[in-house]
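**Student:** Got a sequence here, can you model it:
(chains A and B)
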There are 2 protein chains.
Amino acid sequence: MKSGKKHQNTKNATIPRKLTGPVLLVGRWDEVPDLVYETQLRGVIPLAYLRCRQEQYLAVPRWEYLRAAKHSAVTRIYIPEMLGVSAARGHDVATMAAALLKKHGIRRASVPQNFPLGVAEELERQGFQLLCAGESVCPGRETKGMGEVRKMTEAQQAAVIAMRSAIDLISRTEIDEKGALRIQGQRLTSGDVKRRIRNSLQEHDCSCPEVMVAGGACGADPHDPGEGPLRAGEPIVIDIFPRHLEHGYWGDLTRTVVRGRASVPVRRMYAAVRAAQSATLAAIRPGVSCGAIQRSAEREFTIRGYSAGTTTGSKPGFEHAVGHGIGLSLHEEPRMRDRSRRLREGNMIAIEPGLYDPVTGGVRLEDVVLVTRDGWKYLAPCERRLEV
Amino acid sequence: MKSGKKHQNTKNATIPRKLTGPVLLVGRWDEVPDLVYETQLRGVIPLAYLRCRQEQYLAVPRWEYLRAAKHSAVTRIYIPEMLGVSAARGHDVATMAAALLKKHGIRRASVPQNFPLGVAEELERQGFQLLCAGESVCPGRETKGMGEVRKMTEAQQAAVIAMRSAIDLISRTEIDEKGALRIQGQRLTSGDVKRRIRNSLQEHDCSCPEVMVAGGACGADPHDPGEGPLRAGEPIVIDIFPRHLEHGYWGDLTRTVVRGRASVPVRRMYAAVRAAQSATLAAIRPGVSCGAIQRSAEREFTIRGYSAGTTTGSKPGFEHAVGHGIGLSLHEEPRMRDRSRRLREGNMIAIEPGLYDPVTGGVRLEDVVLVTRDGWKYLAPCERRLEV
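**Tutor:** You can find the predicted model right below:
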């Protein structure tokens, strides 16, 4: 099994080298977005997919055939019997992948980094040669076409509507004498706001099971989903990343609000994050390196006295990547931590600077933008306001 | 890289052989249920996990450390710096896995079938030896403890409540002169029922983005999610498989209903599916082979004149596995298609016989049951009624 790892060193090339040889994919559509991209199929369980000589072939279980044929424009769809595989063996991915390769006379194919080792070993045992591609086997996914932009806009607009609904709920609470937020006498919890968000997303055919509503210290951890009662004066990080239920494209939107008055440190943090996001957006255009994008954010934080890059943990800091590509995966190429990679027209990226303080909590702002010929534009704009 | 494939031949053993050597897992919690099982962590992005000599070690990004430490009882949690890995390399899974193995003097570890090939190749290059396990690396997942049964009951009860809500909605429609279902004058669609189900699930902290409400011919395909207006007299397959948002365990419940009067063929199909489910359940007890369970269902269909096993496609038939294990994965061991495998006390299985006819549509019934010392019991019972 030869490794194509050396390709990883070409990441700084502006245009990823096109994989021209055969490409093999296996797995479930919900775990392998490449399959959805290549076949336009969702909800179907493909067993194996082969791209070779400009043609696309798909092997599916017998009962998936009709739906696959209806929704996909691949060259040909096989069921086990058509590949000489018995019904009893037809659910075995390695068997079906081997039969598909054999049918088309392919002995050697590129596979993605996350290709399952068990299937790879079985194919190797049968004499096939797999090249684990250092780069994406679907480089086209990195630049979005008009149809993809439209689909992603649907997901992002659903996020904007849900965000407004969440902030509206928080802003309508009463603050009791202990600083708790109350609505109709009851304490407002992170769970209440999440429920409101999920209901709103559902009305727009989107889903976000893991939505974050992290108040106070919870927000100090960028991945804490948040829990418990919300309080006045503390920053509440709301991170909504909906996936559209029909086509599977993602949106991603974060706002931070304070019910009532924000403290001076929180206002300073918010101003810094706002400045970092503005500076980052201002740097975005085709040809700019992801490292330069990352540095734009870090610079704004360091000149304001916050740590960035490697934090000591003793003061509020920014230590994650300032952004990531988004599409059929929530996090995909280009990733801002791949510093030598350069942006291209058609990249769709989420920009999300944030500051985290163990005591005060977190402040993060996130928007998805499309890289255009001479700059960028919002996928769906959403207002920003700290105090509500 | 040696393959542990020979272990697959021991599937007929009642008790899976316990993996005693080191086990390595990598990936995201939402893609690797083994990680959730081993660490009790959800929402955390672990980089690498090592089980060796009765101890458990986890490597996570720096900002995940506090939450991981709070929620998990693993022996030790590392951040990149603690393994001698720079912050810049700390996001690389292969680097972190190698550092974790090295820290504990491990040169050889078992990995699961779906271990990513790219990481495996990099570890191999660094001199580590990986054994791709033919069996599960977490065999304990197959038998559920009391805590797991409680969590799964929450998910299944949410499914029961959502099912009742969906059927109630369908039963309250009026049938117009053309056989369409109308509610407040509007045509009732598959999407309307799905929305009702998702809302109900959400109220119980569950999510099921892919819920199926497949009326008429849509239901002929066991995986068609269904779409468009629903009609009187046609079978409507409702398959609800919620995942609990807090702990990640799944439920799975299917009912088939007809609004108004069902035709004679549909009533015959329903009676056959009902009989197949009863016969299958009656066969369940520890020690019975999955093949015997599958045959119990197939026999009921063939004696009623339906095809089973391998269908010709010309008459209604049953061609999928009659059931599957369920837990932190929707489909897991034991699988009824693994005919030589035997059931054990504590297995949790979904039993779902169905008949599919290209013209009439589908009829399927599904319940989750726990295999007990002398038989089985429902995870959460739900009534069955064809005509509503």
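
**Student:** pretty sure A:R67 contacts B:D224?
**Tutor:** Yes. With contacts counted by CB atoms under 8 Å, A:R67 reaches B:D224, the gap being 5.8 Å. In this view, the C-beta of every residue, glycine as well, is placed from N, C-alpha and C.

**Student:** Quick check: neighbours shared by these two?
**Tutor:** With contacts taken as CB atoms under 8 Å, 6 or more residues apart in numbering or on different chains, A:R67 and B:D224 have A:G43 as neighbours in common.

**Student:** Show me which residues of the stretch 201-350 of chain A sit near chain B.
**Tutor:** A:202-203, A:207, A:209-210, A:221-225, A:243, A:245, A:309-310, A:319-320, A:337 (CB under 8 Å from any CB of the partner chain).

**Student:** Just the buried subset of these, please.
**Tutor:** With neighbours counted by 16 or more other CB atoms under 10 Å in any protein chain shown, those contain buried members at A:202, A:207, A:209-210, A:221-225, A:243, A:245, A:319-320, A:337.

**Student:** correct me, but A:T189 touches A:G226?
**Tutor:** No. Taking contact to mean CB under 8 Å, the distance of 9.3 Å between A:T189 and A:G226 leaves them out of contact.

**Student:** Neighbour count for these two, which is higher?
**Tutor:** In this comparison of A:T189 against A:G226, neighbours counted by other CB atoms under 10 Å in any protein chain shown, the higher total goes to A:G226 at 25 against 17.

**Student:** ok, now which ones touch that one?
**Tutor:** A:190, A:194, A:212-215, A:218-219, A:236-237.

**Student:** Contacts only, for A:A73.
**Tutor:** A:Q40.

**Student:** And what about it, helix, strand or coil?
**Tutor:** The three-state label given to A:A73 by DSSP: H, G, I helix; E, B strand; the rest coil is coil.

**Student:** Now it: phi and psi?
**Tutor:** A:A73 has phi and psi values of phi -110, psi 20 when expressed as degrees, to the nearest 10.

**Student:** Any figure for the gap between it and A:V266?
**Tutor:** Taking CB to CB, to the nearest Å as the measure, A:A73 falls 52 Å from A:V266.

**Student:** number of nearby residues for the closest residue to A:G248 other than its chain neighbours?
**Tutor:** Beyond its immediate neighbours in the sequence, the residue positioned closest to A:G248 (CB to CB, 6 or more residues apart in numbering or on different chains) is A:R42, lying 5.3 Å away. Each residue near A:R42 was counted by other CB under 10 Å, and the total is 17.

**Student:** Check whether A:R42 sits in a helix, strand or coil.
**Tutor:** Assigned by three-state DSSP, the conformation of A:R42 is coil.

**Student:** which residues does it contact?
**Tutor:** A:R42 makes contact with A:29-30, A:36, A:246-248 under the criterion CB under 8 Å, 6+ apart.

**Student:** among these, which ones are buried?
**Tutor:** Of these, these count as buried by 16+ other CB under 10 Å: A:29-30, A:36, A:247-248.

**Student:** of all those, which two lie farthest apart?
**Tutor:** A:D30 and A:H247 (12.9 Å; CB to CB).

**Student:** ok, back up a step: can you tell me which of the buried ones among the contacts of A:R42 is nearest chain B?
**Tutor:** A:D30 (8.1 Å; CB to the nearest CB).

**Student:** Make sure that closest one is indeed in a strand.
**Tutor:** No. Counting by three-state DSSP, A:D30 is not found in a strand; it is coil.

**Student:** Tell me which residues touch it, please.
**Tutor:** Residues near A:D30 by CB under 8 Å, 6+ apart: A:R42.

**Student:** To what extent is the residue nearest to A:S289 when sequence neighbours are not counted buried, counted in neighbours?
**Tutor:** With sequence-adjacent residues excluded and distances taken as CB to CB, 6+ apart, A:S289 is closest to A:R342, at 5.2 Å. Counted with other CB under 10 Å, the neighbours of A:R342 add up to 20.

**Student:** And the residue nearest the centre of chain A?
**Tutor:** The geometric centre of chain A, computed from its C-alpha atoms, lies nearest to A:L330 (CA atoms, centre = their mean), at 1.2 Å.

**Student:** who does the nearest residue to that residue once chain neighbours are set aside bridge with?
**Tutor:** For A:L330, ignoring the flanking residues on the chain, the nearest one in space by CB to CB, 6+ apart is A:W250 at 4.8 Å. Beta-bridge partners recorded for A:W250 (DSSP bridges): A:R243.

**Student:** you'd agree A:W250 is up against A:I326?
**Tutor:** Yes. With contact defined as CB under 8 Å, A:W250 reaches A:I326; the gap is 5.5 Å.

**Student:** okay, and the common contacts of the two?
**Tutor:** Overlap between the neighbourhoods of A:W250 and A:I326 consists of A:M152, taking contacts as CB under 8 Å, 6+ apart.

**Student:** Do me a favour and get the end-to-end distance for stretch A:100-111?
**Tutor:** Distance between the boundary residues of stretch A:100-111 (CA to CA, to the nearest Å) amounts to 14 Å.

**Student:** For the host helix or strand of A:Y270, give the mean pLDDT please.
**Tutor:** In this assignment (DSSP states H and E), A:Y270 forms part of helix A:264-283. Mean pLDDT, helix A:264-283: 97.

**Student:** do the same with stretch A:63-83
**Tutor:** On average, stretch A:63-83 scores 89.

**Student:** cool, stretch A:137-156 as well?
**Tutor:** Across stretch A:137-156, pLDDT averages out at 95.

**Student:** Please apply the same query to stretch A:339-354.
**Tutor:** The average of the pLDDT scores along stretch A:339-354 is 96.

**Student:** and what of stretch A:206-218?
**Tutor:** Model confidence over stretch A:206-218, given as mean pLDDT, is 93.

**Student:** what comes up buried for that stretch?
**Tutor:** Using 16+ other CB under 10 Å as the burial criterion, the residues of stretch A:206-218 that qualify are A:206-218.

**Student:** Okay, and which of the residues you listed map to helices?
**Tutor:** Among these, none falls in helices (DSSP state H).

**Student:** And those residues, which two are furthest apart?
**Tutor:** Within the buried residues of stretch A:206-218, two members stand farthest from each other by CB to CB: A:C206 and A:A217, at 29.2 Å.

**Student:** coming back round to it: I'd like the contacts of A:R42 as TSV, with pLDDT appended.
**Tutor:** As requested, the contacts of A:R42 are arranged in TSV below (pLDDT from 0 to 100):
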residue	pLDDT
A:W29	78
A:D30	77
A:V36	91
A:E246	87
A:H247	91
A:G248	92
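
**Student:** Next secondary structure after the helix or strand bottoming out on mean pLDDT in chain A?
**Tutor:** Per-element confidence for chain A was summarised using mean pLDDT, DSSP states H and E. The lowest value among helices and strands belongs to strand A:3-4, with a mean of 36. Scanning the chain past strand A:3-4 towards its C-terminal end, the next helix or strand to appear is strand A:23-26 (assignment: DSSP H and E).

**Student:** Now do that following strand: which elements does it pack against?
**Tutor:** Where contact means 3 or more CB pairs under 8 Å, 6 or more residues apart in numbering or on different chains; DSSP states H and E, strand A:23-26 is packed against helix A:33-39, strand A:48-52, helix A:93-103, strand A:108-111.
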